[in-house]
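Colleague: requesting a structural model of the entry that follows:
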Amino acid sequence: MISATSTGILANSTEIDAENSPYSSTLFLQKASSRLKIAISLSPSCAFCTLDIHKMPLETTCPPLSTRVLGEDTAEENSDANSTQTHQHLLSNSSSTSGSKRKAPDEDGDNDQSRIDAEIVTTTNAGSAPIMSDDEIMKRISKAIPSVQDQSASLPIITSMIDSDGYLTKPIGSIVSSYTRKIKVPSTPTNSDSAEGLAASKTETEVETSFILALANGKSPGVNEYHQQVQKLSLFFIENADDVDLTNGESGGGWNVLYLFRRHGGPISTSAIRDNANDGDGKGYRYSFAGFLTLFTFYSPFRKPQSGNILRICQALVLPPYQRQGHGKAMMRAVYDYAKVSYNDALRSVHMSTVKDQGYHGDNDTNSNNGRSISQEIVEVNVEDPAPGFTCMRNIIDYQSFAAMVANLTVSDNSTSSSDIDPAIEDIIMKKGYCKDDCFQSMAENDAVILASKLRITKTQLQISYEIFKLASMTRALERRDYTTKEKQAIETKFRLMVKKRLNGLHKEDIGACPSKVEKQKMLTKLFDASLKMYKYLLRI
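Modeller: Purely as a prediction, here's the structure:
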């Protein structure tokens, strides 16, 4: 069960028009009538929630308007003398507390102030009803939370997948991966009444917990209905998050969702998890929601070096209790594995529904002699408007994939057999010297396109991965050998020029808009410093 609480202020219905009042912000505080507290408790599946609305009297501690706005200076001087005066007394004798520092207002000003003071006193004493009723509060907050538990009867497809405790009886979609993580849970005291028991209840214990990743097609039964509930949570964590209709195939494309679920009950075993995927809740396993990635697939006829389907990550969410545990990396790697055909058996049903529902282009014969499958036609994975944190995670994963590819080529080059190595990849990396420590030449565009296609990443991501790889190689080389200061500066200059060349091309319009050469150099240096800082952070150097 995940809970959250939000507080706010309800103002009276007789609030003075803010546009016509010079003291609108002050008047709002004076005229607020209730404090609103909303407690939201999510079910483990996050398909439903319970909602508690509490209204409490608002205790205002701000000083009266007349003293705080009109007699501010004198109020500070006479704070001790006036400390026992009541709000009404100050309002009725506001002119006597003004002192010689206050300029006498004109006649209209006095009348206006008297009217405002009178309205504040009347409203405060009257205690009129709040602006928003419970129904209005429910109507507004329902846009950002799953359906309230009382409305579950109107969603029979979802309720059929959930047990009485709110857990999913089986995952949404086909299981493609599983792993374990140690997570912290509150300790269970043996005796809650004793001092030791109370102390133990405040501590946390690490527990080995099983998680699974399941890929679901947006047009499969129940997937869109479930996602319509859990995607509302993204409004709290993703800026400009939008609701997605998974059944809507835009421009011949279609939606899949990679779900992250926590598994409850049973042994932590990959084979047991996969068995459970087939028999539903037959073994008593239950699942709670932890996060998702929405994936949009569309066909790109002009993509180089070959046309094919592009897989775009649109939204990514991991709930706060599971953040900083490596789930984002696991989900991102699963997407790349899906694009590289690592899940053919588990995803056969998902692939076939993709062919029928999403207007798939390419070879859709999964039983062909060459072993090609539907997901092999995914030629690129990209991300829609990634946040800075997601960009860092993506960069380190792409760098690790690039480094692993280079390492495999290096091992194969020293072995007797290299039949599994793509000759084009070997020619680019090995024969052109990109992996050598003393090579700091920018990667040619055609070479970057070919390597990016191999890794299913964009050309820009390939170049960033190459730069991180060269920085790691340069750091190791400088540590192994004794270079003079001049030699070190020469090596660092080569690396800096290599990175700046790419940045200059990537930000050509922005740099070109600078009014002078000095400004252009400053902007390019700023871009390089930001990139270098991120690279060092990712490499922990």
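Colleague: please give the element, helix or strand, for Asp243.
Modeller: With elements taken from DSSP states H and E, nothing contains Asp243; it lies in neither a helix nor a strand.
Colleague: tell me how many other residues surround the spatially closest residue to it that is not a sequence neighbour.
Modeller: Setting aside the residues directly before and after it, Asp243 is nearest to Gln231 in space (C-beta to C-beta, 6 or more residues apart in numbering), at 6.1 Å. Every residue, glycine included, has its C-beta placed from N, CA and C. Summarising burial for Gln231: neighbours were counted as other C-beta atoms under 10 Å, giving 22.
Colleague: wait, isn't Gln231 in contact with Gln315?
Modeller: Yes: shown here, Gln231 and Gln315 form a contact pair, counting by C-beta atoms under 8 Å, at 7.5 Å.
Colleague: where do the contact lists of these two overlap?
Modeller: Contact criterion C-beta atoms under 8 Å, 6 or more residues apart in numbering; residues shared by Gln231 and Gln315: 241, 244, 292, 294.
Colleague: which stretches of the stretch 351-500 of the chain form helices?
Modeller: Assigned by DSSP state H, counting those that start in this stretch, the stretch 351-500 of the chain shows helices spanning 388-413, 423-426, 445-455, 459-480, 485-506.
Colleague: and the angle from the third one to helix 459-480?
Modeller: Spelled out, it's helix 445-455. Relative orientation of helix 445-455 versus helix 459-480 (axes from the mean of the first three to the mean of the last three C-alpha atoms, to 10 degrees): 100 degrees.
Colleague: what is the orientation angle of helix 445-455 with helix 485-506?
Modeller: For helix 445-455 and helix 485-506, the angle between their directions (the same axes, to 10 degrees) works out to 80 degrees.
Colleague: what comes into contact with helix 445-455?
Modeller: Helix 445-455 is contacted from outside by 304-306, 336, 379-380, 398, 401-402, 405, 422, 424-425, 428-429, 432, 434, 443, 458-459, 461-463, 465-466, using C-beta under 8 Å, 6+ apart.
Colleague: make it 7 Å
Modeller: For helix 445-455, contacts defined as C-beta atoms under 7 Å, 6 or more residues apart in numbering pick out 304-305, 379, 401-402, 405, 422, 424-425, 428, 458-459, 461-463.
Colleague: try the second one
Modeller: Taking C-beta under 7 Å, 6+ apart as the criterion, the residues outside helix 423-426 that touch it are 409, 450-451, 454.
Colleague: what's the mean pLDDT across it?
Modeller: Along helix 423-426, the predicted local confidence has a mean pLDDT of 84.
Colleague: ok, and for it, which residues are buried?
Modeller: Ile425 (16 or more other C-beta atoms under 10 Å).
Colleague: low-confidence ranges, the stretch 201-350 of the chain, go.
Modeller: Under the criterion pLDDT under 70, the flagged ranges of the stretch 201-350 of the chain are 201-202, 250-251, 266-283, 342-350.
Colleague: please repeat the previous calculation with a cut-off of 90.
Modeller: 201-207, 235-243, 248-253, 265-285, 299-308, 340-350 (pLDDT under 90).
Colleague: what count of nearby residues applies to the nearest residue to Met138 once chain neighbours are set aside?
Modeller: The shortest distance from Met138 to any residue other than its chain neighbours is 7.1 Å, reached at Leu51 (C-beta to C-beta, 6+ apart). Around Leu51 there are 16 other residues, counting by other C-beta under 10 Å.
Colleague: for Leu51, give me its contacts.
Modeller: With contact set as C-beta under 7 Å, 6+ apart, Leu51 has these partners: 38, 40, 148.
Colleague: element containing the second one, please.
Modeller: With the criterion set as DSSP H and E, the secondary-structure element containing Ile40 is strand 32-42.
Colleague: give me the next element, helix or strand, following that strand.
Modeller: Next helix or strand after strand 32-42 toward the C-terminus (DSSP H and E): strand 48-57.
Colleague: wait, is Val257 part of a helix?
Modeller: No: following the definition DSSP: H, G, I helix; E, B strand; the rest coil, Val257 is strand and is not counted among the residues of a helix.
Colleague: so the closest residue to it other than its chain neighbours, which state does it fall into?
Modeller: For Val257, the nearest residue in space outside its immediate sequence neighbours is Ala216; the separation is 5.0 Å by C-beta to C-beta, 6+ apart. Secondary structure assignment for Ala216 (three-state DSSP): strand.
Colleague: contact partners for Ala216?
Modeller: Applying C-beta under 7 Å, 6+ apart, we find Ala216 in contact with 172-173, 223, 256-257, 259.
Colleague: the helix or strand hosting Thr205 pairs with which strands, parallel or anti?
Modeller: Assigned by DSSP H and E, Thr205 belongs to strand 204-217. Sheet pairing here is set by DSSP bridges, and for strand 204-217 it gives strand 174-186 (antiparallel), strand 254-264 (antiparallel).
Colleague: fine by me, we can end here.
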